[in-house]
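[1] Generate coordinates for the sequence data below:
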Amino acid sequence: TNEIAAEKNVLNAVFGTTVTASAERIEIAGYVYNSADKDVMTVGVDESENVLTLYYTRRTDLSYSVNYLDEATGEAIHEITTKGNQVLGTVINAEDEKIEIAGYNYKTVNPASITIGTDLSKNIINVYYTKRNDLTYIVNYYEENTTTKVAESKTVNGQTYLAKITENAIEVSGYNKVDPTTKTITIGVEGNVINFYYTKKNDLSYVVNYYEENTTNKIADSKVVTNQKYKDEIIEEAINIAGYNKVEPTTKTITIGTEENIINFYYTKRTDLSYKVRYVEKGTGKEIKSAKVVTDKMFKEEVFGDDEAIDIDGYNIESVDKEKIIIGTNTDENVITVTYARRTDLGYVVNYLEKGTNKPVTGSKTVENITFGSEIYSANDKIKVYGYDYDSADKESIIIGTGENVINLYFTLRDTKVTVHYYEENTTNKVSED
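    As a prediction, this is how the structure comes out:
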């Protein structure tokens with residue numbers, strides 16, 4: 001370039017003095033000696049020719065450094081970059097030195113440029129960055145040993161690079177948390193994921209109720225089943241209950257949840273049941289009338305004993321063994337027994353009649369307070385009637401009933417001789433012949 005790097009004026013030089021280039025060579029910062037226009041010069045009287053020119057080249061072994069700094073803290077966020085083989089005086093534009101650094105955004109440089117000098121401590125460029133604040137992290141909630149989500153993932157935006165984030169496992173209905181339940185991550189530019197794991201609860205339960213249709217009246221004890229696992233599928237069948245018919249559906253399925261797990265089965269009362277009424281005689285237990293069987297009765301229907309007592313000819317109602325019965329499924333127990341006593345206020349009449357004419361030969365006999373069903377033998381009521389001989393009875397015996405109980409005994413006139421005596425009054429003195 002022929003630019004003057006340094007100049008030396010020598011005064012009071014002696015004419016004829018010899019000056020050599022090697023003797024005049026000096027060190028010039030940033031430069032390296034290259035050559036001289038002449039190796040030797042003799043001082044003359046023409047000063048314009050008393051010039052020795054030594055040539056230097058700029059150093060090319062210089063360098064500069066670039067620092068990458070967090071603007072907020074001044075801390076280095078990347079290794080220093082040092083660039084060698086720089087030529088003295090070269091101007092370096094600082095913005096040309098910015099680079100992409102993960103997690104950071106470029107902000108500014110200081111200084112805007114440098115000129116390469118020999119003082120390396122001044123050949124420095126500072127590039128400043130700010131942490132990114134547009135990052136994201138995700139929290140997942142998985143069933144243990146799977147990637148099956150038990151709750152929607154949580155996405156949090158607007159996060160700052162290198163920020164420390166602490167999350168706690170949330171409560172998830174039906175699940176137990178698996179340790180650790182607290183986790184911390186440092187926000188990076190990607191892969192900011194926290195995974196929490198859960199196991200299904202196995203301390204749940206379900207209840208099976210057995211109700212009369214259209215009610216909540218229990219007809220059997222509820223069934224409680226414990227130690228059930230969340231989301232397990234349960235199938236139950238309606239049980240058989242004495243006196244009831246199952247209402248469809250008789251098979252039900254539920255999936256175990258965290259709230260009330262209830263299966264309700266419904267039933268109607270049977271209407272194909274029956275009861276019996278027996279009519280028996282007091283003392284003997286003998287049936288005095290065919291038992292009555294009433295069908296198409298409803299389970300648990302009430303039947304009152306007094307309503308089943310009927311009038312039976314010749315008997316008085318003595319007692320009913322049950323005030324009421326409630327219809328059950330055991331027909332042997334659906335029985336009402338009405339006990340009767342024979343009437344004892346009955347009687348019979350014995351007529352004493354002339355055979356052939358049916359004319360009474362003496363007054364009839366009435367016998368009272370006779371028991372129903374008693375057998376009365378005619379022979380026991382025979383009597384002697386003056387002038388008559390007993391002949392026969394219209395029946396050998398009668399059974400006392402509630403109607404007319406009549407025995408007719410027949411007599412015939414006796415053939416006899418009549419003697420007439422004639423006595424003085426109040427004596428046995430005959431006053432005439434017989």
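[2] what residues are up against the residue sitting nearest the centre point of the chain?
    Centroid-nearest residue in the chain: residue 261, 2.1 Å away (criterion: CA atoms, centre = their mean). Taking CB atoms under 8 Å, 6 or more residues apart in numbering as the criterion, residue 261 is in contact with 204, 205, 206, 207, 228, 234, 254. The C-beta positions use only the backbone N, C-alpha and C, and glycine is treated the same way.
[3] Against residue 226, how distant is it?
    11 Å (CB to CB, to the nearest Å).
[4] what sits in contact with each of the two?
    204, 205.
[5] give the contact list for residue 238.
    210, 246, 250, 251, 265, 267.
[6] Got a quick ChimeraX command for the buried subset of the residues you listed?
    Burial among those is assessed by 16 or more other CB atoms under 10 Å; the matching ChimeraX selection reads:
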select :210,246,265,267
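[7] Show me what the helix or strand hosting residue 65 is packed against.
    Assessed by DSSP states H and E, residue 65 sits inside strand 62-70. Applying 3 or more CB pairs under 8 Å, 6 or more residues apart in numbering; DSSP states H and E, one finds that strand 62-70 contacts strand 81-86, strand 124-131.
[8] Could you export those as a markdown table, including distance to residue 37, mean neighbour count and mean pLDDT?
    Below are these laid out as a markdown table (distance: least, CB to CB, whole Å; neighbours: other CB atoms under 10 Å; pLDDT from 0 to 100):
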| stretch | distance to residue 37 | mean neighbour count | mean pLDDT |
| --- | --- | --- | --- |
| strand 81-86 | 29 | 13 | 96 |
| strand 124-131 | 38 | 19 | 98 |
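[9] Any chance of CSV for these, columns distance to residue 192?
    Listed next are the helices and strands packed on strand 62-70 as CSV, based on distance: least, CB to CB, whole Å:
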stretch, distance to residue 192
strand 81-86, 28
strand 124-131, 14
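[10] Does residue 338 touch residue 281 like I think?
    No: using CB atoms under 8 Å, residue 338 makes no contact with residue 281, being 10.6 Å away.
[11] Which stretches in this structure count as helices?
    Using DSSP state H, the helices of the chain run over residues 21-24.
[12] Give me the below-cutoff pLDDT ranges for it.
    Applying pLDDT under 70 to the chain picks out residues 1-2, 4-7, 9-10, 416-420, 434.
[13] Identify the bridge partners of the nearest residue to residue 260 once chain neighbours are set aside.
    Once flanking residues are discounted, residue 260 sits nearest to residue 207: 7.5 Å by CB to CB, 6 or more residues apart in numbering. Beta-bridge pairing for residue 207 (DSSP bridges): residue 224, residue 262.
[14] Would you check that residue 207 makes contact with residue 224?
    Yes: the pair residue 207 / residue 224 is scored as a contact, 5.4 Å apart, by CB under 8 Å.
[15] who's more crowded, the two?
    residue 207 (13 against 9; other CB atoms under 10 Å).
[16] and the closest residue to residue 60 other than its chain neighbours, what does it touch?
    The shortest distance from residue 60 to any non-neighbouring residue, by CB to CB, 6+ apart, is to residue 87 (5.1 Å). Contacts of residue 87 were listed using CB under 8 Å, 6+ apart, and they are 58, 59, 60, 62, 116.
[17] Show me which of those is closest to residue 141.
    Closest approach to residue 141 among the contacts of residue 87 (CB to CB): residue 116, at 58.3 Å.
[18] Surely the closest one and residue 125 touch.
    No: using CB under 8 Å, residue 116 is not in contact with residue 125; the gap is 11.2 Å.
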